[in-house]
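> got a sequence here, can you build the structure:
(one chain, ligands or ions: 1)
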Amino acid sequence: MDKLVIQGGVPLRGEIRVSGAKNAALPVLCASLLTPDTLTVENVPQLQDVSTMLRLLSTMGIDFVVGDNGSVELSAARIGNPLAPYEMVKTMRASILVLGPLLARCGEATVSLPGGCAIGTRPVDQHIKGLEAMGAEIAIEHGYIKARARRLKGARIVTDLVTVTGTENLMMAATLAAGVTVIENAAREPEVANLAQCLVAMGAKIEGAGTDTVRIEGVERLHAAVHRVIADRIEAGTFLVAAVATGGDVVLRGPSPLLLDAVLEKLREAGAGVEFGPDWIRARGLARPRAVNLRTAPFPGFPTDMQAQFMVLDCIADGTGVITETIFENRYMHVPELRRMGADIDDEGNTAIIKGVGRLEGANVMATDLRASASLVLAGLVAEGETVVHRIYHLDRGYEHIEEKLSKVGARIRRAA
Ligand code: EPU
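Residues are numbered from 1 along each chain as shown. As a prediction, this is how the structure comes out:
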């Protein structure tokens, strides 16, 4: 099993190009199910989750061609088998994103219930409730969601909570429904807006994506389109923390700073120098970081996907930081590992109190999920001595060529078997 071996203590300096966003690419790939014509998606990151999604789509009869410059052409001329089996959904919860498009296009879909995962129980009741409001008949049988609808019809849907993939699933389903659908309490994440942009290029009529009210007027058919995936704001945020935590100076190419307001604000609060232009961000660690308090929240609040990385900053900061995780109930799996590296963290329920200790020590640590593993890599970059991050496949799900990108800015990091 692959691991990453890191010799810490090098301030990172230089430029990094940020890849396309995993969480924008995955729903956009699923949007190909909505049309018999070809959807060309550009700036698709090479990630395990992207390969898993392409494999899932191909089991349904979708043809795809991966180009050499990050583009993927998908053609769902005929969908043979509108089924997402347990074996695939259990490895990647985002597989649930095929439910809405399959139902809208084929009139039926069978998708395994995702069940719990490392970061929490993560139910999909809001996806189901919304599709039912649009006239779908849904039964849960043998762990599978079995959905049917001759043609979905527009509806007003108010979700009980803000859900990113839930909003995306319902928005995709509504593009081919009869009449108008309004989703209230919609997720405002940039990835939702990016998906809407793709759907509009395919002929969908959507207003308000990126706000909490999305209005979709169903059309009979969607058509071919070319769409570009936005830059990955979480990959970007992870590298910015790496720059600041190591006392380095890094310029990121690609991301709009508008996607990262809450993160940039917290970096400044931690004492970092932050500058940006329309598609670049520079972060400098000017001195020992100051501890920051933060509370995760749906966009534009502080992203849960950056919580673990900021905890590393608090671990070495001057002062005590309080972090509250409000999105997932079990997202502190990195805490015991950071403690093994000398961190002083008290966690109870959804709150963690982190006393800055100035320095971490290299150790063997175990990755448990994607963002937890990113935080362990950051901890390794700042620690004294050698850190070995085990179970690195979690990291490969969401960070493209991470060791190459980090090596380029001076990190001493290598993959080992
Ligand atoms: N929830 C429900 N019922 C639902 C849907 C969600 O109770 O029907 C709850 C979840 O259990 C959670 C909260 O609502 O407590 C928010 O979950 P959400 O549905 O927004 O999460 P998601 O759509 O499954 C996406 C990202 C996650 C990211 C979250 C929050 C994708 C493919 N995944 O998940 O990304 O953490 O939004 O921003 O877009 C990651 O990249 O590491 C990752 C986990």
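
> surely residue 190 touches residue 234?
No: if you go by C-beta atoms under 8 Å, residue 190 and residue 234 don't touch, sitting 10.8 Å apart. Placement of C-beta: from N, CA and C, glycine included.

> more neighbours, these two?
Just comparing residue 190 and residue 234: by other C-beta atoms under 10 Å the higher neighbour count belongs to residue 234, 26 against 22.

> which strands or helices does the strand or helix carrying that one pack on?
When elements are assigned from DSSP states H and E, residue 234 belongs to helix 233-245. Taking 3 or more C-beta pairs under 8 Å, 6 or more residues apart in numbering; DSSP states H and E as the contact definition, the neighbouring helices and strands of helix 233-245 are strand 249-253, helix 261-269, strand 280-284, helix 307-315, helix 370-382.

> which neighbours do residue 190 and residue 234 share?
A shared contact of residue 190 and residue 234, defined by C-beta atoms under 8 Å, 6 or more residues apart in numbering, is any residue touching both; here these are residue 21.

> thinking again about what came up before, among the helices and strands packed on helix 233-245, which is nearest the ligand?
Each of the helices and strands packed on helix 233-245 has some distance to the ligand by C-beta to the nearest ligand atom; the shortest is helix 370-382, at 4.3 Å.

> residue ranges with poor pLDDT in the stretch 101-250 of the chain?
Under the criterion pLDDT under 70, the flagged ranges of the stretch 101-250 of the chain are 115-116.

> got the residues of it near the ligand?
Taking C-beta under 6 Å from any ligand atom, the part of the stretch 101-250 of the chain that reaches the ligand is made up of 120, 122-127, 161, 163-166.

> just the buried members of the residues you listed?
Among these, those buried by neighbour count (16 or more other C-beta atoms under 10 Å) are 122, 124, 126-127, 163-166.

> what about the helices in the stretch 101-250 of the chain?
125-133, 164-175, 190-201, 233-245 (DSSP state H, counting those that start in this stretch).

> for these, give me JSON lines that also has distance to residue 362.
Putting the helices of the stretch 101-250 of the chain into JSON lines (distance: least, C-beta to C-beta, whole Å) gives the following:
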{"stretch": "helix 125-133", "distance to residue 362": "42"}
{"stretch": "helix 164-175", "distance to residue 362": "35"}
{"stretch": "helix 190-201", "distance to residue 362": "35"}
{"stretch": "helix 233-245", "distance to residue 362": "15"}
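
> tell me which of those sits nearest to residue 36.
When these are compared for distance to residue 36 using C-beta to C-beta, the nearest one is helix 164-175, at 14.2 Å.

> tell me how far that closest one lies from the chain's centre.
Taking the mean of its C-alpha atoms, helix 164-175 sits 16 Å from the chain's own mean (C-alpha atoms, centre = their mean, to the nearest Å).

> hmm, residue 229 is touching residue 39, no?
No: in terms of C-beta under 8 Å, residue 229 does not count as a neighbour of residue 39; the distance is 11.9 Å.

> quick check: neighbours shared by the two?
Taking C-beta under 8 Å, 6+ apart as the contact definition, residue 229 and residue 39 share the neighbouring residues residue 28.

> re earlier: mind putting the helices and strands packed on helix 233-245 in CSV, distance to residue 336 and mean neighbour count included?
Output for these, formatted as CSV (distance: least, C-beta to C-beta, whole Å; neighbours: other C-beta atoms under 10 Å):
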stretch, distance to residue 336, mean neighbour count
strand 249-253, 29, 19
helix 261-269, 24, 19
strand 280-284, 28, 22
helix 307-315, 12, 28
helix 370-382, 10, 29
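
> out of those, nearest to residue 85?
helix 370-382 (22.3 Å).

> give me the neighbour count for residue 187.
Here the number of neighbours of residue 187 (other C-beta under 10 Å) works out to 24.

> residues in contact with it?
By C-beta under 8 Å, 6+ apart, the contact list for residue 187 reads 162-164, 166-168, 298-299.

> recalculate using a threshold of 10 Å.
For residue 187, the contacting residues are 159, 161-168, 171, 193, 209-210, 212, 214, 298-299, taking C-beta atoms under 10 Å, 6 or more residues apart in numbering as the criterion.

> and these, which are buried?
A residue is treated as buried here by neighbour count (16+ other C-beta under 10 Å); on that basis the buried members of those are 159, 162-168, 171, 193, 209-210, 214, 298-299.

> now, which of those residues sits nearest residue 9?
Closest to residue 9 out of the buried ones among the contacts of residue 187 is residue 299 (34.3 Å), distances taken as C-beta to C-beta.

> leaving out sequence neighbours, find the closest residue to that closest one.
In space, residue 299 comes closest to residue 189 once its chain neighbours are excluded; the distance is 4.4 Å by C-beta to C-beta, 6 or more residues apart in numbering.
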